[in-house]
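*Asks:* Could you work out the structure for the sequence below:
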Amino acid sequence: MKIGLTYDLKDDYLREGFTEEQAAEFDKPETIEAIENTLKEFGFETERIGNIKNLCKVLNENKRLDLVFNICEGFYGIGREAQVPALLDAFNIPYVFSGPLTLALTLHKGMTKQIIRDCGFATPDFFVVNTKSDIKKINLPYPLFVKPLAEGTGKGISKKSVINTFEELKELCTELIDKYKQPVLVEEFLPGREFTVGIVGTGDEAKSVGVMEVILNRNAEQQVYSYFNKDDYLKRVEYKIPESEIIKECEALALGSYKCLNCEDGGRVDLRCDKNGMVNFIEINPLAGLNPVHSDLPILSRMNGISYKELIGMIMNSAIKNKIELK
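*Replies:* Predicted coordinates for the structure are as follows:
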């Protein structure tokens, strides 16, 4: 079976003049090497394709691809993560991970939370600031938490993200709208513990591969799993497996959210506790990072006794079963 690899390489964008933060979500060469080498260990033939522009060239050349392992984040627009799977759908080529509807939806954190809430899962109350004139319409109790509507890797999140006054709220919302050229999500701040849950599989076969608690050290930006903290996680963040009772709560909420949003093959769900200790949905990443050393999904899998090869194998088994064998 021939597997194409689609991805956005961080170095390519840095060479084009993008900043480190702008390119933060994109992958390093060692991530692509790790995925490719693991696929080869399973006996697959691979072809590196790269970003969507390269994919267009490959498709125009009518090259044969049995499956595409897609981790493209895209660069422009809220639907950017959906662009590669939508293109592959047009050419009837199966791929690993979720389809365009799920990827476009989940990058829009406000719409995601609305669906999660309608499905009956706990998530903090929120308001989407589409324009600066919307700021005065916010009617949520302080403290609040503010972040860009459609970013990942902690982009736009800092110690300023926890808001206690209207003046702070107006200043940060204005700053983020100007910088990221997109709406801003404002939600009630949850002061409790933070967790992330790794999931593999599709539909009723989806299962947790582990729950990891995120604990900020004394030298970290406090209260937030920020871009600054993630960028230097070895010094600022501690990861641990929590107690069994909270694991069950986290897994139930994460799996319910994952299925509600029709995620496929694998992903990661971020959760946080409110002031009463109740676990809430924060956001979901259906294209979770797969760097074998630094990404949260491989880290939490490893902490729970699942090797990188086993993790990739589970993801591939789901994709092959549901997108090739069941066709």
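*Asks:* Can you pull up the most central residue in this structure?
*Replies:* The centroid of the chain falls nearest to residue 285 when counting by C-alpha atoms, centre = their mean (2.4 Å).
*Asks:* Look up how far residue 53 lies from it.
*Replies:* 24 Å (C-beta to C-beta, to the nearest Å). Where C-beta positions appear, they are placed from N, C-alpha and C, glycine not excepted.
*Asks:* With residue 314 instead?
*Replies:* Applying C-beta to C-beta to residue 314 and residue 53 gives a distance of 31 Å.
*Asks:* neighbour count winner among those two?
*Replies:* residue 314 (19 against 8; other C-beta atoms under 10 Å).
*Asks:* Need the three-state assignment for residue 211.
*Replies:* Following DSSP: H, G, I helix; E, B strand; the rest coil, residue 211 is assigned to strand.
*Asks:* Name all residues that make contact with it.
*Replies:* 195, 196, 197, 198, 241, 242, 246, 247, 250, 251, 254, 300 (C-beta atoms under 8 Å, 6 or more residues apart in numbering).
*Asks:* Same list, these, but as JSON lines with distance to residue 230 and neighbour count please.
*Replies:* What follows is the contacts of residue 211, written out as JSON lines (distance: C-beta to C-beta, whole Å; neighbours: other C-beta atoms under 10 Å):
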{"residue": "195", "distance to residue 230": "15", "neighbour count": "25"}
{"residue": "196", "distance to residue 230": "11", "neighbour count": "25"}
{"residue": "197", "distance to residue 230": "17", "neighbour count": "28"}
{"residue": "198", "distance to residue 230": "16", "neighbour count": "26"}
{"residue": "241", "distance to residue 230": "20", "neighbour count": "13"}
{"residue": "242", "distance to residue 230": "20", "neighbour count": "15"}
{"residue": "246", "distance to residue 230": "22", "neighbour count": "17"}
{"residue": "247", "distance to residue 230": "23", "neighbour count": "19"}
{"residue": "250", "distance to residue 230": "20", "neighbour count": "24"}
{"residue": "251", "distance to residue 230": "23", "neighbour count": "20"}
{"residue": "254", "distance to residue 230": "20", "neighbour count": "27"}
{"residue": "300", "distance to residue 230": "14", "neighbour count": "26"}
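*Asks:* where along the stretch 1-150 of the chain do the strands fall?
*Replies:* Using DSSP state E, counting those that start in this stretch, the strands of the stretch 1-150 of the chain run over 2-6, 45-50, 67-70, 95-96, 126-129, 144-148.
*Asks:* one step back: narrow the contacts of residue 211 to those in helices?
*Replies:* 246, 247, 250, 251, 254, 300 (DSSP state H).
*Asks:* Could I get the full set of helices for the stretch 151-300 of the chain?
*Replies:* Under the criterion DSSP state H, counting those that start in this stretch, the stretch 151-300 of the chain contains helices at 166-180, 227-231, 233-236, 244-260, 296-303.
*Asks:* Domain-wise, how is this structure divided?
*Replies:* Here the domain parsing of the chain from automatic domain parsing is 2-97, 125-188, 194-325.
*Asks:* Figure out which of the ones you listed is closest to residue 111.
*Replies:* domain 125-188 (8.5 Å; C-beta to C-beta).
*Asks:* could you measure the closest residue to residue 11 other than its chain neighbours against residue 5, distance?
*Replies:* Leaving out its chain neighbours, the residue that sits closest to residue 11 by C-beta to C-beta, 6 or more residues apart in numbering is residue 29, at 7.0 Å. Distance of residue 29 to residue 5, given as C-beta to C-beta: 12 Å.
*Asks:* between these two, who's got more neighbours?
*Replies:* The residue with more neighbours, out of residue 29 and residue 5, is residue 5; 20 against 11, by other C-beta under 10 Å.
*Asks:* list the contacts for that one?
*Replies:* Residue 5 touches 32, 35, 36, 46, 47, 48, 49, 50, 68, 69, counting by C-beta under 8 Å, 6+ apart.
*Asks:* any idea of the pLDDT on the second one?
*Replies:* Per-residue confidence (pLDDT) for residue 35: 98.
*Asks:* How about the contacts made by it?
*Replies:* 5, 69, 71, 290, 312.
*Asks:* if you set the cut-off to 7 Å instead, what comes out?
*Replies:* 5, 69, 290, 312 (C-beta atoms under 7 Å, 6 or more residues apart in numbering).
*Asks:* Turn those into TSV, columns for pLDDT and distance to residue 260.
*Replies:* What follows is the contacts of residue 35, written out as TSV (pLDDT from 0 to 100; distance: C-beta to C-beta, whole Å):
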residue	pLDDT	distance to residue 260
5	98	29
69	98	25
290	97	23
312	98	25
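*Asks:* would a markdown table of these with distance to residue 165 be doable?
*Replies:* Output for the contacts of residue 35, formatted as a markdown table (distance: C-beta to C-beta, whole Å):
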| residue | distance to residue 165 |
| --- | --- |
| 5 | 48 |
| 69 | 47 |
| 290 | 40 |
| 312 | 47 |
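*Asks:* I'm done for today, thanks for sticking with me.
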